[in-house]
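>>> Sequence first, then the predicted structure, then my questions.
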Amino acid sequence: MALVLFSGGQDSATCLAWALARYERVETLGFDYGQRHRIELDQRAKLREAFVAIRPDWAARLGDDHLLDLSALGAVSDTALTRAKAIEMSAKSLPNTFVPGRNLIFLAFAAALAYRRGLPRIIGGMCETDFSGYPDCRDDAIKAMQVALNIGMESRFVLETPLMWLDKAQTWALAQELGGAGLVEAIIEHSHTCYLGERGARHEWGYGCGECPACRLRADGFTKWRATAGA
Ligand code: ZN
């Protein structure tokens, strides 16, 4: 039984499929913190519906969806994700899309919910490989958080990060492996990655402005996967 951090992006959509392939009951959790790409929150229900349409055997496994209001996180952030600012690099050479400690906060709320729901596994799409400089995506940060949560909540949570050592091309390959072409198509069509919240034109890799760092990472990964998969 597992709780998946599910934002509606490519990574969390792939994590949801990964969890559904493994666990008998899977619940999903999203956060609304006033992100500019809030459009991704609208895609969550569409992805859930598409997944069970593709894999009817997953329907019995897919449990409740939870959406938590974390507007306080937006209030303490002054970043390109929550304000109408250009995406640029800060003095610490972090992109200013960085909300400080965002994943640590997400994991703390996820654990509180998982505790109440009796879900021992918490699954997130954190990834160190396509590391944009977000220190709270690092494997060590997640492992430290697991220890802190287990001590602080007297629990035995396992934090699982199936994408930690994959690049974006390998993440597309994982989706193919988990659910075939239908799952890849559902992720292309319904998952949202673009930082600017742009969903105008569909590219072969999905919707987005095509120019922001998130779109470029997704598009480059897709192109690389297609080239290596010989498709
Ligand atoms: Zn974009």
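Looks like it came in fine. Bear in mind the structure is a predicted one, so any value in this text is a computation, not a measurement. Numbers count the residues shown, from 1 in each chain.

>>> Flag every buried residue along the lengthiest helix in the chain.
Ranked by residue count, the top helix of the chain under DSSP state H comes out as helix 168-190. Neighbour-count burial for helix 168-190 flags 168-176, 178-179, 183-184, 186-188, 190 (criterion: 16 or more other Cβ atoms under 10 Å). For every residue, glycine as well, the C-beta is placed using N, CA and C.

>>> Who are the packing partners of that helix?
Using 3 or more Cβ pairs under 8 Å, 6 or more residues apart in numbering; DSSP states H and E, the elements in contact with helix 168-190 are helix 10-22, helix 39-54, strand 206-207, helix 213-229.

>>> what does this protein put close to the ion?
Neighbours of the ion within the chain, by Cβ under 5 Å from the ion: 194, 196, 208, 209, 212, 215.

>>> roughly how far out does the helix or strand of the chain with the lowest mean pLDDT sit from the chain middle?
Least confident helix or strand, the chain: helix 71-75 with a mean of 80, by mean pLDDT, DSSP states H and E. Centre-to-centre, helix 71-75 and its host chain are 19 Å apart (Cα atoms, centre = their mean, to the nearest Å).

>>> Show me what secondary structure element comes after it.
Per DSSP states H and E, the first helix or strand lying C-terminal to helix 71-75 is helix 102-117.

>>> re the thing from before, quick one, which of the helices and strands packed on helix 168-190 gets closest to residue 161.
helix 10-22 (8.3 Å; Cβ to Cβ).

>>> Give me the buried positions along the closest one.
Neighbour-count burial for helix 10-22 flags 10, 11, 12, 13, 14, 15, 16, 17, 18, 19, 20 (criterion: 16+ other Cβ under 10 Å).

>>> Let me know the closest of the residues you listed to the ion.
Minimum distance to the ion across these is 12.2 Å, recorded for residue 10 (Cβ to the ion).

>>> which one is the closest one nearest to, not counting chain neighbours?
Once flanking residues are discounted, residue 10 sits nearest to residue 191: 4.7 Å by Cβ to Cβ, 6 or more residues apart in numbering.

>>> burial of that neighbour, as a residue count?
26 (other Cβ atoms under 10 Å).
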